[in-house]
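A.B. asks: Give me coordinates for this.
(chains A and B)
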2 protein chains.
Amino acid sequence: MNLSVFTVPVEDRYLEDYQTGAVYEFGAIQVTEAEIIKFGKRFDPQVFHTSPQAARETTYGGLIASGWHTAAMMMRLFVDYYLSSVASLGSPGVDELRWSRPVRPDDALTLRVTVTKTRRSVSKPDRGVLFSFIEVLNQNHEVVMSMKAVNLLLCRNRP
Amino acid sequence: MNLSVFTVPVEDRYLEDYQTGAVYEFGAIQVTEAEIIKFGKRFDPQVFHTSPQAARETTYGGLIASGWHTAAMMMRLFVDYYLSSVASLGSPGVDELRWSRPVRPDDALTLRVTVTKTRRSVSKPDRGVLFSFIEVLNQNHEVVMSMKAVNLLLCRNRP
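C.D. replies: Numbering: from 1, shown residues only, chains lettered A, B, ... in the order given. Just a heads-up that it's a prediction; the model follows:
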């Protein structure tokens, strides 16, 4: 697969800079047992997220990250490397969020993002919509999570 | 709307205990400025999640929680009050996750869950699938987030 490289940094990136079909990879972010447990205790207190010992007796055979923790780590890479820091106007939501493999302590997660479509707004011509397909890969290049993202962005050339 | 009440606690809840059409409300969970900033700095470092001052100059007019932070708070209520702690086998993913309104410091979030369907597995008759529609409401009873959840659960009556 031929990976793309942005010609402009996130501080100067607008809707026009996202080209349909471009594929990027960013990362890695390191998963730690301590953060899995901390996140689990606060937000998702199921034993396979909070107790390495009790997790061994579950179907997962050991501690795994909350799916929402994996999503949050994905977002960190998405914001650091992909999403414009000057043109982003937020997101109405995501579709088809899938957790396809467990994420475990010491995994290293990378982000693969494909620009699937961009569309300029007719009613508000200073902005548009960016559609991206996001995959989170572990150190064995297995997909652990995927989703379809929608982001609102300002255009570089505004009326 | 007539709210339902579970007759069994999460420690003794199986697929059969989720009745299609039942609607539950749980919570509230309190949103704090400190946690919005902490979560934002670690996972979603956009200024409207990390800096109350800089957030005032954005389209949101002030600090708002990361959508992933809202999802994580939702999960805490989902695990504390709805999802079985003995029968849950995990989730393959969620669909149509929508962030419909900003979540701000001092909001109080409640969870409304509707059981939309359950289906016993044919190939693995000891388990089945629970489909739920989830809404997160703020203190003004406005929906701030919604999604369709899918959970795998063991049945009480297993072959």
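A.B. asks: where does the residue lying closest to A:Pro45 once chain neighbours are set aside land in three-state SS?
C.D. replies: Leaving aside its chain neighbours, A:Pro45 sits nearest to B:Val79 (5.7 Å; criterion: Cβ to Cβ, 6 or more residues apart in numbering or on different chains). In this view, the C-beta of every residue, glycine as well, is placed from N, C-alpha and C. At B:Val79 the chain is in helix, as set by DSSP: H, G, I helix; E, B strand; the rest coil.
A.B. asks: Pull the contacting residues for B:Val79.
C.D. replies: Residues counted as contacts of B:Val79 (Cβ atoms under 8 Å, 6 or more residues apart in numbering or on different chains) are A:Asp44, A:Pro45, A:Gln46, B:Ser85.
A.B. asks: Remind me which helix or strand the last one belongs to.
C.D. replies: Assessed by DSSP states H and E, B:Ser85 sits outside every helix and strand.
A.B. asks: For it, grab phi and psi.
C.D. replies: With angles defined as degrees, to the nearest 10, B:Ser85 sits at phi -90, psi 0.
A.B. asks: how close does it get to A:Gln46?
C.D. replies: For B:Ser85, the distance to A:Gln46 equals 7 Å [Cβ to Cβ, to the nearest Å].
A.B. asks: the more surrounded of those two?
C.D. replies: A:Gln46 (19 against 15; other Cβ atoms under 10 Å in any protein chain shown).
A.B. asks: Need the nearest residue in space to that one, chain neighbours excluded.
C.D. replies: Nearest one to A:Gln46, counting by Cβ to Cβ, 6+ apart, is B:Val79 at 6.1 Å.
A.B. asks: if I look at that neighbour, how far off is B:Val47?
C.D. replies: Taking Cβ to Cβ, one finds B:Val79 at 31 Å from B:Val47.
A.B. asks: ok so, going back, so which of the contacts of B:Val79 sit within strands?
C.D. replies: Judged by DSSP state E, those include no members of strands.
A.B. asks: now the helices for chain A?
C.D. replies: A:33-43, A:47-50, A:52-55, A:67-77 (DSSP state H).
A.B. asks: Report the distance from the first one to the chain centre.
C.D. replies: Averaged C-alpha coordinates place helix A:33-43 at 19 Å from its chain's average position (Cα atoms, centre = their mean, to the nearest Å).
A.B. asks: circling back: highest mean neighbour count across the helices of chain A, which stretch is it?
C.D. replies: Per residue and on average, the most neighbours among these fall to helix A:67-77, with a mean of 24 (mean count of other Cβ atoms under 10 Å in any protein chain shown).
A.B. asks: Show me the shaky parts of chain A.
C.D. replies: Where chain A drops to pLDDT under 70, the residues are A:1.
A.B. asks: How about the residues of it by chain B?
C.D. replies: Proximity of chain A to chain B, by Cβ under 8 Å from any Cβ of the partner chain, involves residues A:39, A:42-46, A:59-60, A:66-69, A:71-73, A:75-76, A:79-80, A:83, A:85, A:88-100.
A.B. asks: try 7 Å
C.D. replies: A:43-46, A:59, A:67-68, A:71-73, A:75-76, A:79, A:88-89, A:91-99 (Cβ under 7 Å from any Cβ of the partner chain).
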